[in-house]
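Engineer: 3D, please:
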Amino acid sequence: MQFLVAIHLPDDYDTAQENSALRADISDLNEEMIAKNVRAFVGGLEPARRARTIRADRNGGTVITDGPFVEAKEHVGGFWVLECKDIEDALDWGKKAAIACRAPVEVRAFNPVPPERLKARAEAERRG
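Structural biologist: This is a model prediction of the structure:
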């Protein structure tokens with residue numbers, strides 16, 4: 001099963017203020033995830049103030065606005081996609097992430113892709 005482990009950072013978070021201990025802890029965690037073969041993907045995000053939100057309008061078009069989708073004091077600042085056997089395993093990694101990042105972490109399972117959708121996708125790729 002795949003799980004999202006999302007790091008929530010305050011809107012005024014400045015990566016330039018990160019100290020070497022924090023960076024080393026996150027690097028160590030990444031190395032451990034790789035060694036245990038659970039890390040499928042990892043990514044850091046720019047500050048939420050640089051986000052753009054796109055909404056569909058009533059006329060079938062779209063409207064783009066500056067800023068994140070929701071107004072909040074914290075937003076997702078980075079994330080891992082992990083391949084774990086179950087939620088307990090994912091939560092164990094989430095605990096390590098919260099400690100390494102010194103920030104709240106959210107753990108959520110991805111919805112499984114129905115087998116018929118996987119089959120249709122594979123057939124479409126073969127036809128190419």
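Engineer: from now on I want contacts and neighbour counts done on CA atoms only, so please keep to that.
Structural biologist: Noted.
Engineer: mind checking how far residue 120 is from residue 67?
Structural biologist: Per Cα to Cα, to the nearest Å, residue 120 is found 36 Å from residue 67.
Engineer: what about the two, which has more around it?
Structural biologist: Just comparing residue 120 and residue 67: by other Cα atoms under 10 Å the higher neighbour count belongs to residue 67, 15 against 11.
Engineer: next, the most centrally placed residue in the chain: secondary structure please.
Structural biologist: Central residue of the chain (Cα atoms, centre = their mean): residue 79, 3.1 Å from the mean position. Three-state secondary structure (criterion: DSSP: H, G, I helix; E, B strand; the rest coil) places residue 79 in strand.
Engineer: pretty sure it sits against residue 9.
Structural biologist: No - the criterion here is Cα atoms under 8 Å, and residue 79 misses it with residue 9 at 11.1 Å.
Engineer: so which bits of the helix-or-strand element of the chain with minimal mean pLDDT are buried?
Structural biologist: Sorting the helices and strands of the chain by mean pLDDT, DSSP states H and E puts helix 115-127 at the bottom, at a mean of 81. For helix 115-127, a neighbour-count test (16 or more other Cα atoms under 10 Å) marks nothing as buried.
Engineer: just stretch 25-43 next, same as before
Structural biologist: In stretch 25-43, counting by 16+ other Cα under 10 Å, buried: 25-26, 29-30, 33, 38-39.
Engineer: circling back to that earlier point, packing partners for the least confident helix or strand of the chain?
Structural biologist: Helices and strands touching helix 115-127, as assessed by 3 or more Cα pairs under 8 Å, 6 or more residues apart in numbering; DSSP states H and E, are absent.
Engineer: alpha carbons of it, as PDB, please.
Structural biologist: Extracted in PDB, the C-alpha atoms of helix 115-127 (Å, rounded to 0.1, in the frame of the first residue of the first chain):
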ATOM      1  CA  PRO A 115      -7.700  -3.600 -11.200                       C
ATOM      2  CA  GLU A 116      -9.900  -2.800 -14.300                       C
ATOM      3  CA  ARG A 117      -8.400   0.700 -14.400                       C
ATOM      4  CA  LEU A 118      -4.900  -0.700 -14.200                       C
ATOM      5  CA  LYS A 119      -5.700  -3.200 -17.000                       C
ATOM      6  CA  ALA A 120      -7.200  -0.400 -19.200                       C
ATOM      7  CA  ARG A 121      -4.200   1.800 -18.600                       C
ATOM      8  CA  ALA A 122      -1.800  -1.000 -19.500                       C
ATOM      9  CA  GLU A 123      -3.700  -1.700 -22.700                       C
ATOM     10  CA  ALA A 124      -3.700   2.000 -23.700                       C
ATOM     11  CA  GLU A 125       0.000   2.200 -23.100                       C
ATOM     12  CA  ARG A 126       0.600  -0.900 -25.400                       C
ATOM     13  CA  ARG A 127      -1.500   0.800 -28.100                       C
END
